[in-house]
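Got a predicted structure here, sequence first:
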Amino acid sequence: MAKHAHSQWSSRMGFVLAATGSAVGLGNIWKFPYMVGQSGGAAFVLVYLACIAFIGVPILVAEWMIGRRGQKNPINTMAQVARDNGHSTNWAVVGAIGVLAAFLILSFYSVIGGWALAYMRDAATGAFIGLDKAAIGGAFEGFLARPAELLTWHSIFMLLTVVVVALGVSAGLERGTKLMMPALGVILLVLVGYAMTTGSFGQGLAYLFNPDWSKLDGKVLLAALGHAFFTLSLGMGIMMAYGSYLGQEVNLLRAARTVVIMDTVFALCAGMAIFPIVFANGLDPAAGPGLVFVTLPLAFGHMGGGLVIGALFFLLLTFAALTSSISLLEPVVELIEERTPLGRVAATLIAGITIWALGIAALLSFNVWSDVKLLGMNIFDLLDYATSKFMLPLAGLGAIVFAAWKLDQQGVKAELGLGDATFGLWTLLSRYVAPVGVLFVFWSNL
Ligand code: PHE
Ligand code: NA
């Protein structure tokens, strides 16, 4: 195996920002507001917060803790930490599922990142001005039908991701998120500020925060659980890889609290920015996948200042997607770098080109290959389905079961700085509540 000095984050804050950048993504800006709206407003928010606290946080901390102990890529880390604790190195499979999931997810995530780039240009050049709903919907469908155009934007997005990751952990990932996250926060605040001027801010808030407990059922609980998993970037080797660059001085529970609060604040603010615009323009808040690429452009094309607000919105979406895509590439690059003689730049190029090529198959499933189906799904949907429904819960379950049942728990108690009472709570959550919660999601997907 090639010997590389293992990288480190340059500061605690750089690490926390990078982890927050990974967490804050399309899941916050598009999916969360839409799920809230469809699932009973504040009732859903409360269930979701409980899932984050009782299931998301233990798994997040477990992945960081394992990564920090292993100081390697997720596969070698799992093998190493298992060996150190007298267990089978077959636990490496947990890391392998995670890295494979990251590899597959990035291929189609980059395609959507490309859409955000394309729509930023369209919004800025006034392409939506004066168009009606049918025309905007038609424009989106037309865009998806042109493979060459999708390929161009997918390639640009992948190139941006590769450049940042090639620069390394502290000069690339850390500096990239340090630049993008504050911009993300400012843009989101500007958009919330704009939403306050639409005259429908109250209606948007009510939609988000008015509890309708009657809508709460098993399906909503499941959706909240699944989203808690996705929104914190769990089960894809990301947090394990990020943990491998950590020093002992970082307090994992405190870092988890910061990441989780920031992720939630971004999600809530996205809802507060989007829904007032939707209501002020008489549009449907539950439009689903079309909300960001059809409903909002419609609003941008009809409102004063829509050029600037629209361009800002898609810039926000692009940055959010980019800070997540670099985190998806990292575990793959870390693996190649450590298992081959290749250096950082070559490893990033090889991983990037391979994932880019798979992304072409994903983008062709919107047009030329739309009839190519496996298990009734096109390639894009199949990639999404296999990863989010199976690989992520499986890798997350493996990480939490390993940390809670296979590591010396007195060592864990000391590492997390827990007292007797809080350690009791940690044991309850990490050994029982979190694994059972993930099993529940996994089983219901079958
Ligand atoms: N956590 C990101 C979000 O909420 C999604 C994501 C998925 C990020 C996979 C990285 C990898 O949008
Ligand atoms: Na998120």
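Here it is on my side, so go on. Ligands and ions are numbered 1, 2, ... in the order given.

Just the element for residue 417, please.
Secondary-structure assignment from DSSP states H and E places residue 417 in no helical or strand segment.

which parts of the stretch 1-150 of the chain sit against ligand 1?
22-23, 25-28, 105 (CB under 6 Å from any ligand atom). Placement of C-beta: from N, CA and C, glycine included.

For ligand 2, what is the nearest residue in this protein?
At 3.3 Å from ligand 2, residue 231 is the closest residue in the chain, using CB to the ion.

That residue and ligand 1, how far apart?
Distance, residue 231 to ligand 1, using CB to the nearest ligand atom, to the nearest Å: 4 Å.

how about the nearest residue to that residue, chain neighbours excluded?
residue 27 (4.6 Å; CB to CB, 6 or more residues apart in numbering).

pretty sure the one you found contacts residue 229?
No: using CB atoms under 8 Å, residue 27 makes no contact with residue 229, being 9.9 Å away.

returning to that earlier point: give me the subset of the residues of the stretch 1-150 of the chain next to ligand 1 lying in helices.
Among these, DSSP state H puts 22-23, 26, 105 in helices.

Tell me how far stretch 72-87 lies from the chain's centre.
Taking the mean of its C-alpha atoms, stretch 72-87 sits 25 Å from the chain's own mean (CA atoms, centre = their mean, to the nearest Å).

rewinding a little: where is pLDDT lowest across the residues of the stretch 1-150 of the chain next to ligand 1?
Lowest pLDDT of these: residue 26, 84.

If we ignore the residues flanking it in sequence, what's nearest that residue?
Closest to residue 26 by CB to CB, 6+ apart is residue 321, at 6.0 Å.

Would you mark the buried spots in stretch 364-378?
364-366, 369, 378 (16 or more other CB atoms under 10 Å).

Would you pull up the residue in the stretch 251-400 of the chain closest to ligand 1?
residue 324 (3.6 Å; CB to the nearest ligand atom).

doesn't residue 22 make contact with that residue?
Yes: contact criterion CB under 8 Å: residue 324 and residue 22 qualify, at 5.6 Å.

which residues are in contact with both of these two?
Common neighbours of residue 324 and residue 22 (criterion: CB atoms under 8 Å, 6 or more residues apart in numbering): residue 233.

Tabulate the residues of the stretch 1-150 of the chain next to ligand 1 (CSV), appending neighbour count and distance to ligand 2.
CSV is the format used below for these (neighbours: other CB atoms under 10 Å; distance: CB to the ion, whole Å):
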residue, neighbour count, distance to ligand 2
22, 26, 8
23, 29, 4
25, 28, 5
26, 19, 8
27, 22, 4
28, 26, 4
105, 25, 13
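
What is the least confident helix or strand in the protein?
Sorting the helices and strands of the chain by mean pLDDT, DSSP states H and E puts helix 290 at the bottom, at a mean of 69.

Poorly predicted segments of the stretch 51-200 of the chain, please.
Scanning the stretch 51-200 of the chain for pLDDT under 70 picks out no residues.

Who's the closest spatial neighbour of the residue in it positioned nearest to ligand 1, skipping the chain neighbours?
The nearest approach of the stretch 51-200 of the chain to ligand 1 comes at residue 105, 5.1 Å away (CB to the nearest ligand atom). Excluding the flanking residues, the one nearest residue 105 by CB to CB, 6+ apart is residue 387, at 5.1 Å.

so what's the one you found up against?
Counting by CB under 8 Å, 6+ apart, residue 387 makes contact with 101, 104-105, 236.

hmm, try it at 6 Å
Counting by CB atoms under 6 Å, 6 or more residues apart in numbering, residue 387 touches 101, 104-105.

before we move on, what about residue 48?
Contacts of residue 48 by CB under 6 Å, 6+ apart are residue 224.

Helix, strand or coil: sort out it for me.
When classified by DSSP: H, G, I helix; E, B strand; the rest coil, residue 48 comes out as helix.

can you confirm residue 395 is in a helix?
Yes: the assignment for residue 395 (three-state DSSP) places it in a helix.

contacting residues for it?
By CB under 6 Å, 6+ apart, the neighbours of residue 395 are 94, 97-98, 235.

Could you check the pLDDT of it?
Here, the pLDDT recorded for residue 395 equals 95.

got the residues of the chain near ligand 2?
Taking CB under 5 Å from the ion as the contact definition, the chain meets ligand 2 at 23, 27-28, 231, 263.

next SSE after the helix or strand where the residue of the stretch 251-400 of the chain closest to ligand 1 lies?
Under the criterion of DSSP H and E, residue 324 resides in helix 306-339. Moving toward the C-terminus from helix 306-339, the next helix or strand (DSSP H and E) is helix 344-364.

what's the angle between that following helix and helix 306-339?
Interaxial angle, helix 344-364 versus helix 306-339 (axes from the mean of the first three to the mean of the last three CA atoms, to 10 degrees): 130 degrees.

Can I get helix 344-364 in CSV? Just the C-alpha atoms.
Output of helix 344-364 as CSV, limited to C-alpha atoms (Å, rounded to 0.1, in the frame of the first residue of the first chain):
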residue,chain,number,x,y,z
ARG,A,344,-4.4,13.1,-4.8
VAL,A,345,-4.8,14.8,-8.1
ALA,A,346,-4.6,11.5,-10.2
ALA,A,347,-7.0,9.7,-7.8
THR,A,348,-9.5,12.6,-8.0
LEU,A,349,-9.3,12.6,-11.8
ILE,A,350,-9.8,8.9,-12.1
ALA,A,351,-12.7,8.9,-9.7
GLY,A,352,-14.2,12.0,-11.3
ILE,A,353,-14.0,10.7,-14.8
THR,A,354,-15.6,7.3,-13.9
ILE,A,355,-18.4,8.9,-12.0
TRP,A,356,-18.9,11.4,-14.8
ALA,A,357,-19.3,8.5,-17.3
LEU,A,358,-21.9,6.8,-15.1
GLY,A,359,-23.7,10.2,-14.9
ILE,A,360,-24.0,10.1,-18.7
ALA,A,361,-26.1,6.9,-18.4
ALA,A,362,-28.2,8.7,-15.7
LEU,A,363,-28.8,11.7,-17.9
LEU,A,364,-29.6,9.6,-21.0
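
Give the rounded mean pLDDT of it.
So the average pLDDT for helix 344-364 ends up being 97.
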